[in-house]
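In: here is my input; please provide its structure:
(chains A and B)
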Number of protein chains: 2
Amino acid sequence: MEIGVIGLGLMGRPMACNLLRAGHRVHVWARRASALAPLVDAGAVVQASAAEVAAHAEIVLTVVADAQDVEAVALGDGGVADGAHPGLILVDLSTIAPTAARDIAARLAGRGVTMLDAPVSGGETGAINASLTIMVGGSDAAFERVRPVLACLGTTITHVGGSGAGQVAKACNQILTGVGVVAVAEAIELARANGVDPERVRTALLGGSAYSRILENHGARMLAEEFRPGFKAWMHQKDLRIVMEEAHRNGLFLPSAAVAAQLFNAMSGSGLGEEDSVAVIKLLRRWRQPDEPASGRSPPD
Amino acid sequence: MEIGVIGLGLMGRPMACNLLRAGHRVHVWARRASALAPLVDAGAVVQASAAEVAAHAEIVLTVVADAQDVEAVALGDGGVADGAHPGLILVDLSTIAPTAARDIAARLAGRGVTMLDAPVSGGETGAINASLTIMVGGSDAAFERVRPVLACLGTTITHVGGSGAGQVAKACNQILTGVGVVAVAEAIELARANGVDPERVRTALLGGSAYSRILENHGARMLAEEFRPGFKAWMHQKDLRIVMEEAHRNGLFLPSAAVAAQLFNAMSGSGLGEEDSVAVIKLLRRWRQPDEPASGRSPPD
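Out: Numbers count the residues shown, from 1 in each chain, chains lettered A, B, ... in the order given. Model (predicted):
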């Protein structure tokens, strides 16, 4: 199939390579020529603009940073809509607000382009190994057409609902993973403060109802003090901002998500934004004097 | 083996039955005679006091509500310590504060009784099916002696560390499950407020890094509005009180656990204490007018 990929960063590049490997013809465009070189080597066709990518493709995937980028690439000058032709589908794999996704989809529809929101979970490793979780919002017909293409990128592909529903699912995902990382960090610190080996606690808990992939994977990285991303704290901060705006817009009470959002804010403010989100454990410990033992000292009362 | 079981409630009764089924001789005592009847039918030997149970047993299990009960049964008049004999081990399967466990263990040691703290996770179902997760604190020698007995009650038995370490692991477990339930409830409410089917969101998320046993099991019960316990909200409240006291004692920053603790407090205050902890989702929704649609109404700005 003729497929366009716009956004060739940490996530988009391995996705484009997986599409090439699956035998698709991949059309690419990027503002920075340097981003194109590895794709050209892998066999991708460089186009002069997003509109040209769209003109040559049946399906265009966008994998960019935020709603503003999606809007520019989709609807801006020389954007995807400028290359519209019958049957064109834009699949946006970026994480943006559900409202923004619905708005851009509606405007694209007015210009003859069908859009699906299809944010992903699984990080760079998932993009490389084609093991992403993909949450899709939009029409049934468009979903059925792009499903085989998404199957080249991920293992769990769910059509969640209408336009924006993929972004809603992603927001839910980021609540569970963000709050999950915080809770695991708290449990580890509680064990440490009591002089109990947190690795033994983690092992004991993995066998029961406290089991989560976050405890298994992120917990192991916290204990190994492996803070390289992975998934950068400032990206989790950005995603939880979307959650908090959804809470405000809908009048929702999301207290645990709010706590996680504040902690990821504080990570950025503490110079931890470029580290993996598991480095939130540093924040829980940061006020302890380095030469003070971790085990408890009782207050006077 | 000659085993004592004291505390024949929701958890203790099926545990005693599992020990009988495994071929052990089980000695029981209870304040209320009515609690004894089903155990007698199953073949247990009734004794006149906790001290008499201890006098007849090599290992005594206690499964009671709180530290005060453990103290009374272990060290009170006619308690386990009054029936002490060489080699006697008391295994306390109740959930109490780590400090209380260490204190009672030290006082029992002074009277010749070895104590292990061995709180469990898995609820009544786990007790009935002998699939509990058991987290043990205390000496290596005592752990090795009781391990075959605990293996009749649970599937994941971990020796976490010295005296109190089992209770520390349980406190960690209750952070992860308590915060986990809250985060899942928030995600479901976020999906609903957007008019997205929360079951589809749950399915999408189960395949990725947001997977947890809480999302799988407790999430399903929330969606089915199945609020019968399971694990009662007031018991989770009690366990998170222990966590919050540990946070205070050790000067720890446990913000997500604090949010969950407050919500479980509010459940008790809202008449939800006897329901399963998954009923916390009612609390997140309780201020919505019954005739108001769940989907979002934007604020004026």
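In: surely residue A:124 touches residue A:10?
Out: Yes - Residue A:124 is within contact range of residue A:10, at 5.1 Å (criterion: CB atoms under 8 Å). C-beta: built from backbone N, CA, C; applies to glycine.
In: name the single longest helix found in chain A.
Out: helix A:165-193 (DSSP state H).
In: could you see whether chain B lies near that helix?
Out: Yes - Helix A:165-193 is in contact with chain B by CB under 8 Å from any CB of the partner chain, via A:165, A:168-169, A:171-173, A:175-177, A:179-180, A:182-184, A:186-191, A:193.
In: so what's the nearest residue to residue A:7 once chain neighbours are set aside up against?
Out: Residue nearest to residue A:7 in three dimensions, not counting chain neighbours: residue A:63, with 3.8 Å by CB to CB, 6 or more residues apart in numbering or on different chains. Going by CB atoms under 8 Å, 6 or more residues apart in numbering or on different chains, residue A:63 touches A:5-9, A:11-12, A:15, A:93-94.
In: helices - which of those land there?
Out: When these are checked against helices (DSSP H), the matches are A:12, A:15.
In: and the contacts of residue A:63, which are buried?
Out: With burial judged by 16 or more other CB atoms under 10 Å in any protein chain shown, the buried subset of these is A:5-8, A:11-12, A:15, A:93-94.
In: include pLDDT when you put the residues you listed into JSON lines, please.
Out: Output for the buried ones among the contacts of residue A:63, formatted as JSON lines (pLDDT from 0 to 100):
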{"residue": "A:5", "pLDDT": "98"}
{"residue": "A:6", "pLDDT": "97"}
{"residue": "A:7", "pLDDT": "96"}
{"residue": "A:8", "pLDDT": "95"}
{"residue": "A:11", "pLDDT": "94"}
{"residue": "A:12", "pLDDT": "96"}
{"residue": "A:15", "pLDDT": "98"}
{"residue": "A:93", "pLDDT": "98"}
{"residue": "A:94", "pLDDT": "98"}
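In: CSV for the residues you listed, including distance to residue B:155?
Out: Shown next, in CSV, are the buried ones among the contacts of residue A:63 (distance: CB to CB, whole Å):
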residue, distance to residue B:155
A:5, 47
A:6, 50
A:7, 46
A:8, 48
A:11, 39
A:12, 44
A:15, 41
A:93, 40
A:94, 43
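In: read off the pLDDT value for residue A:229.
Out: On pLDDT, residue A:229 comes in at 89.
In: skipping adjacent residues, who's closest to it in space?
Out: Closest to residue A:229 by CB to CB, 6+ apart is residue A:276, at 4.4 Å.
In: over to residue A:266?
Out: Nearest one to residue A:266, counting by CB to CB, 6+ apart, is residue A:283 at 5.8 Å.
In: correct me, but residue A:13 touches residue A:39?
Out: Yes - between residue A:13 and residue A:39 a contact is recorded at 6.9 Å, counting by CB under 8 Å.
In: tell me the bridge partners for the residue nearest to residue A:229.
Out: residue A:232 (DSSP bridges).
In: longest strand anywhere in chain A?
Out: strand A:154-161 (DSSP state E).
In: dump it to CSV, restricted to CA.
Out: Coordinates of each C-alpha in strand A:154-161 appear next as CSV, following Å, rounded to 0.1, in the frame of the first residue of the first chain:
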residue,chain,number,x,y,z
GLY,A,154,1.4,-2.9,17.3
THR,A,155,0.0,-6.0,18.9
THR,A,156,-3.1,-4.7,20.7
ILE,A,157,-5.3,-2.6,18.4
THR,A,158,-8.7,-1.6,19.8
HIS,A,159,-11.4,0.5,18.1
VAL,A,160,-12.6,2.3,21.2
GLY,A,161,-15.3,4.5,19.7
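In: any idea of the angle that strand forms with helix B:165-193?
Out: 50 degrees (axes from the mean of the first three to the mean of the last three CA atoms, to 10 degrees).
In: circling back to that earlier point, report pLDDT for the residue nearest to residue A:266.
Out: 94.
In: give me the neighbour count for it.
Out: 20 (other CB atoms under 10 Å in any protein chain shown).
In: wait, it sits on residue A:273?
Out: No - if you go by CB under 8 Å, residue A:283 and residue A:273 don't touch, sitting 11.5 Å apart.
In: now do the shared contacts for the two.
Out: With CB under 8 Å, 6+ apart, residue A:283 and residue A:273 have common neighbours residue A:267.
In: from the opening residue of stretch A:72-80 to its closing one, how far?
Out: With CA to CA, to the nearest Å applied, stretch A:72-80 spans 9 Å between its terminal residues.
In: low pLDDT regions in the stretch 201-301 of chain A?
Out: A:286-301 (pLDDT under 70).
In: so which residues on it come close to chain B?
Out: Counting by CB under 8 Å from any CB, the stretch 201-301 of chain A sits next to chain B at A:201, A:203-205, A:207-215, A:217, A:243, A:246-257, A:259-260, A:262-263, A:284, A:287, A:295-299.
In: in helices, which of these appear?
Out: Per DSSP H, those map to helices at A:201, A:203-205, A:213, A:243, A:246-250, A:255-257, A:259-260, A:262-263, A:284.
In: got a ChimeraX select line for the buried ones in these?
Out: Buried members of those, defined by 16+ other CB under 10 Å, are picked up in ChimeraX with:
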select /A:201,204,205,213,243,246,247,249,250,255,256,257,259,260,263,284
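In: need the residues of the stretch 1-150 of chain A near chain B, please.
Out: A:98, A:121-123, A:133, A:135.
In: one more pass at 6 Å, please.
Out: Residues of the stretch 1-150 of chain A lying close to chain B (CB under 6 Å from any CB of the partner chain) are A:98, A:121, A:133, A:135.
In: buried stuff in stretch A:60-68?
Out: Applying 16+ other CB under 10 Å to stretch A:60-68 flags A:60-64, A:67 as buried.
In: just these now: which is nearest chain B?
Out: Nearest to chain B among those: residue A:67, at 16.3 Å, using CB to the nearest CB.
In: the closest one contacts residue A:101, correct?
Out: No - if you go by CB atoms under 6 Å, residue A:67 and residue A:101 don't touch, sitting 7.9 Å apart.
In: and the strands in the stretch 1-150 of chain A?
Out: A:2-6, A:25-29, A:45-46, A:59-62, A:89-92, A:114-117, A:120-121, A:132-137 (DSSP state E, counting those that start in this stretch).
In: in CSV, list the C-alpha atoms belonging to the longest one.
Out: By that I understand strand A:132-137. Extracted as CSV, the C-alpha positions of strand A:132-137 are listed here (Å, rounded to 0.1, in the frame of the first residue of the first chain):
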residue,chain,number,x,y,z
LEU,A,132,2.5,-1.0,20.6
THR,A,133,-0.9,-0.8,22.1
ILE,A,134,-3.0,1.4,19.7
MET,A,135,-6.3,3.0,20.8
VAL,A,136,-8.4,4.1,17.9
GLY,A,137,-11.2,6.6,17.6
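In: coming back round to it: how far away from the center of its chain is the longest helix of chain A?
Out: Distance of helix A:165-193 from its chain centroid, counting by CA atoms, centre = their mean, to the nearest Å, is 14 Å.
In: just stretch A:241-253 next, same as before
Out: 18 Å.
In: do the same with stretch A:245-264
Out: Offset of stretch A:245-264 from its chain centre (CA atoms, centre = their mean): 18 Å.
In: between the two ends of that stretch, what distance do you get?
Out: 15 Å.
In: quick one: residues contacting the residue nearest to residue A:229.
Out: Counting by CB atoms under 6 Å, 6 or more residues apart in numbering or on different chains, residue A:276 makes contact with A:227, A:229-230.
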